[in-house]
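Undergrad: Need the 3D shape of this:
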Amino acid sequence: MNNPIFFLFLQGIFKRIMKRVIAFLVAVLAWSLGTGTVSAQDQQHYKVGLVGFYNLENLFDTIDDPNKQDEEFLPEGVNQWNTEKYLSKLHNMAYAISTIGTDYSDDGLAVLGVSEIENRRVLEDLVKQPEIKDRNYQIVHYDSPDRRGVDVALLYNPKYFKVTGTKSFPTVVYVTDNDGTRVVDTGFITRDQLLVSGIFDGEPMHFIVMHWPSRYGGEKRSLPGRVSAANRCRQTTDSLLADNPNAKVIMMGDFNDYPTNKSITKYLKATGDMKKMKDGEFFNPMYELHRKGYGTNYYNDVPGVLDQTIMTRALLPTGYDTYQFKAAKVHSKEFLKQHGGRYNGFPFRTFGSGVWMDGYSDHFPVYLILLKKK
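TA: Got it, this is the predicted structure:
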């Protein structure tokens, strides 16, 4: 076997095999950095930061607000919403929040965006619940012009996040009048978008909390509202990136559209493939979850990911010297689900067909796992 030609032949085969092995290992590493779970070993070598979003499904108090359409959530309203039900709702929401992400951090969520809350008062009652009281969650909230009176807000643990600035942006939909004048479509008055900037465990970070217009009246008819919401979010994020091209921005909310809908892919410009991201695009880790059939909500009895977390390029994994994306999760624990019957596996909600079920929400919460080397 001293034939040099044969030796070179074997050497060529070996090199080709090694190239394929290396390519495979690189692919596996990229997958584990971007979409894998967090192992016990990871938790030994990395700090874990958790950022979540939860649609609380009509967290209303029992007090009549003459400026809001809150009649159904009053003691004499159709839901007979009384103190007992309100206190039970607070307990259920607090317990659900207390369980999110605790497999990865004993402190749970550092930052939580919420929607469908009536006012600041209900949030103050929520954070005082014994299930989460020790986390000392602080509140950022603005009243929105939504006709039903529901808003978005941000809760944050001051142990991990310090607020440096906040601002609320209206979502305005324009239409063309008969004489060609561009006017506001008052039929699409909806929740404002909340921007909260601050320091996340030593790093500047921005959070945008949203609840885009619903599909009421049909997906096609209601689409302009969500396109306007996408444009508003895009403008806010572009402004942050203009000041700092490496800004870490996390957009979160109930988008009332899926990761594959054009309001998100075309107008917000969010893609589910971080390897093929183009300049000006954002990364949507919920795309792959939606494609695999996960659901945060069951619209027309079909599961889909309406609740999403979307991020700028600076949060993509490149070594974890700073906080970067590791994984996205739908928090669909068994206690949050209905069991048995037609709606088996659906979110266990507060009301069903007008009947008080004493559940949680018609949405499952979602959250991001961020890692940083210790």
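
Undergrad: what's the span of stretch 328-340, first residue to last?
TA: Using C-alpha to C-alpha, to the nearest Å, the end-to-end distance of stretch 328-340 comes out at 28 Å.

Undergrad: ugh, typo on my part, it should be stretch 357-364
TA: Between the opening and closing residues of stretch 357-364 we find a distance of 16 Å, counting by C-alpha to C-alpha.

Undergrad: Show me which residues of that stretch are buried.
TA: Buried positions in stretch 357-364, judged by neighbour count with 16 or more other C-beta atoms under 10 Å: 359-364. In this view, the C-beta of every residue, glycine as well, is placed from N, C-alpha and C.

Undergrad: quick one, helices of the stretch 201-350 of the chain?
TA: In the stretch 201-350 of the chain, the segments counted as helices under DSSP state H, counting those that start in this stretch are 219-243, 262, 286-291.

Undergrad: residue boundaries of the strands in the stretch 201-350 of the chain?
TA: For the stretch 201-350 of the chain, the strands defined by DSSP state E, counting those that start in this stretch occupy 203-211, 249-254, 270-271, 282-283, 297-299, 302-304, 307-311, 324-330.

Undergrad: Now do the fourth one, average pLDDT.
TA: For strand 282-283, the mean pLDDT works out to 98.

Undergrad: List of residues touching it?
TA: For strand 282-283, the external contacting residues (C-beta atoms under 8 Å, 6 or more residues apart in numbering) are 237, 251, 268-272, 274, 277, 310-313, 315-316, 325.

Undergrad: Any buried residues in stretch 318-326, and which?
TA: Within stretch 318-326, the residues that count as buried by 16+ other C-beta under 10 Å are 320, 322-326.

Undergrad: Please parse the protein into its domains.
TA: Under the assignment named as automatic domain parsing, the residue ranges that make up the domains of the chain are 1-34, 35-373.

Undergrad: Just the buried residues of the contacts of strand 282-283.
TA: Buried positions within those, assessed by neighbour count (16+ other C-beta under 10 Å), are 237, 251, 268-272, 274, 277, 310-313, 315-316, 325.

Undergrad: Which of these sits closest to Ser115?
TA: Taking C-beta to C-beta as the measure, Met251 is the one of these closest to Ser115, at 13.2 Å.

Undergrad: measure that closest one to Arg226 for me?
TA: Counting by C-beta to C-beta, to the nearest Å, the gap between Met251 and Arg226 amounts to 14 Å.

Undergrad: quick revisit: among the domains of the chain, which is the most enclosed?
TA: By mean neighbour count, with neighbours taken as mean count of other C-beta atoms under 10 Å, domain 35-373 ranks first of those at a mean of 18.

Undergrad: before we move on, back to that, turn the strands of the stretch 201-350 of the chain into a markdown table, including distance to Gln69.
TA: Compiled in a markdown table, the strands of the stretch 201-350 of the chain are given as follows (distance: least, C-beta to C-beta, whole Å):
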| stretch | distance to Gln69 |
| --- | --- |
| strand 203-211 | 16 |
| strand 249-254 | 19 |
| strand 270-271 | 32 |
| strand 282-283 | 34 |
| strand 297-299 | 22 |
| strand 302-304 | 27 |
| strand 307-311 | 24 |
| strand 324-330 | 31 |
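
Undergrad: could I get the helices of the stretch 201-350 of the chain as CSV with mean pLDDT?
TA: What follows is the helices of the stretch 201-350 of the chain, written out as CSV (pLDDT from 0 to 100):
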stretch, mean pLDDT
helix 219-243, 94
helix 262, 96
helix 286-291, 96
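
Undergrad: would TSV of these with distance to Asn136 be doable?
TA: What follows is the helices of the stretch 201-350 of the chain, written out as TSV (distance: least, C-beta to C-beta, whole Å):
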stretch	distance to Asn136
helix 219-243	27
helix 262	41
helix 286-291	29
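
Undergrad: backbone phi and psi for the closest residue to Phe73 other than its chain neighbours, please?
TA: Residue nearest to Phe73 in three dimensions, not counting chain neighbours: Phe60, with 3.6 Å by C-beta to C-beta, 6 or more residues apart in numbering. Summarising the backbone geometry of Phe60 under the convention degrees, to the nearest 10, its torsions are phi -110, psi 150.

Undergrad: can I assume Phe60 is in contact with Trp81?
TA: Yes - Phe60 is within contact range of Trp81, at 6.5 Å (criterion: C-beta atoms under 8 Å).

Undergrad: All set, thanks.
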